[in-house]
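[1] let's see this in three dimensions:
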Amino acid sequence: MFILVLFGYKQYKVFTIDVLGNTLLDCIWTQAIKEITKLLTTKEESHQKDQKTAQQKITSNEKRIAAINQQLQEEGLLEAPTGKKDDKKGAKPPPQKKGKDAPPSNPLEAEKLELQKDTEKQQEYVTKYTDKLNKIKVASEKFRDLNERYHNDQLVIELCDKTGERKFVKTKLDGIANTFLSDKGTYILAYLQAPATPDEEEQLLALEFEGYLARTVDEDIGAVEEPLLQLQPKKDDKKKKGKK
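    Below you'll find the predicted structure:
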């Protein structure tokens with residue numbers, strides 16, 4: 001008998017349930033934290049590599065643009081950096097565009113334009129990867145904190161379905177897990193967050209992180225975040241009724 005447990009970002013693992021609830025829950029948590037940490041580390045290294053590649057392309061593009069500018073100056077098709085026009089005899093006037101979006105007729109100008117466009121794209125990559133890397137650090141710290149709280153018995157973890165229906169495993173830790181979990185069932189690993197104020201209720205949160213951290217910049221195009229938990233609104237909120 002076994003169950004499938006979801007966690008992290010599109011991560012899952014199969015666990016046998018012919019064991020004590022306490023043993024199962026501890027095993028699930030340990031494996032989930034291990035897999036999440038491993039994935040975040042892998043993605044961090046991958047993003048750093050992609051960011052470095054983008055930075056190298058920017059440097060290469062800038063060198064080529066400088067070389068093109070030098071060549072255009074020598075041909076009299078571009079003003080010198082000082083702002084003084086080249087007074088060489090026979091200097092060619094810069095080509096005139098036929099329209100606002102007309103491409104340059106000079107091959108060097110056309111190449112320069114493409115390099116400038118690519119440089120802007122690579123700069124955007126660098127900026128976005130910087131944001132991803134910063135958020136990965138925040139997420140990694142969050143999971144380290146949760147793991148520390150768990151091992152200090154300061155965190156209640158839970159198994160539930162997509163709608164947030166809890167199995168209340170904390171009250172069944174001394175029983176065999178197959179007596180309160182369904183064979184071949186799919187569960188989400190979650191934890192309870194204490195309310196920030198007396199007027200609030202504790203929150204059930206999935207042990208997950210947003211896909212933005214794991215995806216490449218190109219993979220972000222058209223991507224939609226799909227949280228593990230899709231909590232349904234409560235039909236009977238006693239607290240709200242009591243405030244009338």
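
[2] ok but residue 191 is inside a strand, no?
    Yes: counting by DSSP: H, G, I helix; E, B strand; the rest coil, residue 191 is part of a strand.

[3] quick one: the helices in this structure?
    Taking DSSP state H, the helices of the chain run over residues 21-74, 107-151, 238-242.

[4] report the contact partners of the residue nearest to residue 116 when sequence neighbours are not counted.
    Of all residues not flanking residue 116 in the chain, residue 65 sits nearest, at 6.8 Å (CB to CB, 6 or more residues apart in numbering). Heads up, the C-betas are built off the backbone N, CA and C, glycines and all. Residue 65 is in contact with 112, 115-116, 119, counting by CB atoms under 8 Å, 6 or more residues apart in numbering.

[5] could you check how far residue 65 is from residue 76?
    18 Å (CB to CB, to the nearest Å).

[6] check residue 67 too.
    17 Å.

[7] just residue 190 next, same as before
    According to CB to CB, residue 190 and residue 76 sit 70 Å apart.

[8] and what of residue 132?
    From residue 132 over to residue 76 the distance is 46 Å, taken as CB to CB.

[9] these two: which is more packed in?
    Remark: of residue 132 and residue 76, residue 132 carries more neighbours, 24 against 17, as counted by other CB atoms under 10 Å.

[10] burial measure for residue 214, as a count.
    Residue 214 has 20 neighbours, counted by other CB under 10 Å.

[11] name the nearest residue to residue 14, sequence neighbours excluded.
    Nearest residue to residue 14 in three dimensions, chain neighbours excluded: residue 2, at 5.3 Å (CB to CB, 6+ apart).

[12] now swap in residue 20 and tell me
    Counting by CB to CB, 6+ apart, residue 176 is the residue found nearest to residue 20 once chain neighbours are left out, at 6.4 Å.

[13] for that neighbour, give me its contacts.
    17-21.

[14] contacting residues for the nearest residue to residue 147 once chain neighbours are set aside?
    Take residue 147 and drop its neighbours on the chain: the residue closest to it by CB to CB, 6+ apart is residue 33, 5.0 Å away. Residue 33 is in contact with 143, 146-147, counting by CB under 8 Å, 6+ apart.

[15] how about residue 149, what does it touch?
    Going by CB under 8 Å, 6+ apart, residue 149 touches residue 155.

[16] what does the one 5 residues further on give?
    By CB under 8 Å, 6+ apart, no residues touch residue 154.

[17] how confident was the prediction at it?
    The model reports residue 154 with a pLDDT of 94.
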